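Enquirer: need a 3D model of the following:
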Amino acid sequence: MMRRDVMRILGLWRGHAGWLAAGVAVAMVSALAGVALLVLAARVIAAAVAPDPAGAVAVAGAGLAALVWLRTTMLVRPVARYLERLVTHEATFRALAGMRVWFFTRLAERLPAGLGLRRAGDLLGRLVADVEALDGLYLRVIVPGAASLAVALTAALAVGVAQPGLAAILALPLTAALILPLLLAPAAARAGTRAAEAQGAL
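Expert: Presented below is the predicted three-dimensional model:
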């Protein structure tokens, strides 16, 4: 049931697929830039404190290259982060605006005489709030999930080539972080249904 509802919402957002996909792509770039910043900073520190004189030249060369890339990444990361916020929120606003038009058009077709209730304002407020809450599907589920998946796959590929055992250790918590929300989603949906019914009764 929940999967069908999500797919229906994504179908309603089909007209804004370009903006939504752009937001996901920029979020992936931002997340990967953050990881690259950590890796390059670690390489620079490792080169600075290398205790082995025999390998000092090689380590220093690697540290210099890392320092050059570090400066570039330090510029890319805030720009990517800003673009992520800009594009993802623009995509969300466009998708929600389209959904509001669809929702109230369907509502007007079915209730041409109005809601017909004494406290129609309260009901209308609840309906609008429910539509507004859908921004969480994109901003808090799809975008972070895609960025996390990009980081997990990149880390597994980068580390797995040299050290498969370490890649497996890294992949375990990252995989759990991606799978656990999916396992907990049905229970959360049931709790949300009960909360909605309780609010309606109140």
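
Enquirer: what's the helix or strand encompassing Ala47 packed up against?
Expert: Under the criterion of DSSP states H and E, Ala47 resides in helix 17-48. Counting contacts by 3 or more Cβ pairs under 8 Å, 6 or more residues apart in numbering; DSSP states H and E, helix 17-48 packs against helix 56-110, helix 143-162. Any C-beta I mention is one placed from the backbone N, CA and C, and that applies to glycine too.

Enquirer: adding distance to Thr193 as columns, could you present the ones you listed in TSV?
Expert: Converted to TSV, those look like this (distance: least, Cβ to Cβ, whole Å):
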stretch	distance to Thr193
helix 56-110	20
helix 143-162	23
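
Enquirer: now the ones you listed in JSON lines, with distance to Val26 and mean neighbour count?
Expert: Listed next are these as JSON lines, based on distance: least, Cβ to Cβ, whole Å; neighbours: other Cβ atoms under 10 Å:
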{"stretch": "helix 56-110", "distance to Val26": "5", "mean neighbour count": "15"}
{"stretch": "helix 143-162", "distance to Val26": "9", "mean neighbour count": "15"}
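
Enquirer: what would these look like in JSON lines with mean pLDDT?
Expert: Shown next, in JSON lines, are the helices and strands packed on helix 17-48 (pLDDT from 0 to 100):
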{"stretch": "helix 56-110", "mean pLDDT": "81"}
{"stretch": "helix 143-162", "mean pLDDT": "83"}
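
Enquirer: which among those helices is found nearest to Ala196?
Expert: Of all the helices and strands packed on helix 17-48, helix 56-110 sits nearest to Ala196, with 16.8 Å by Cβ to Cβ.
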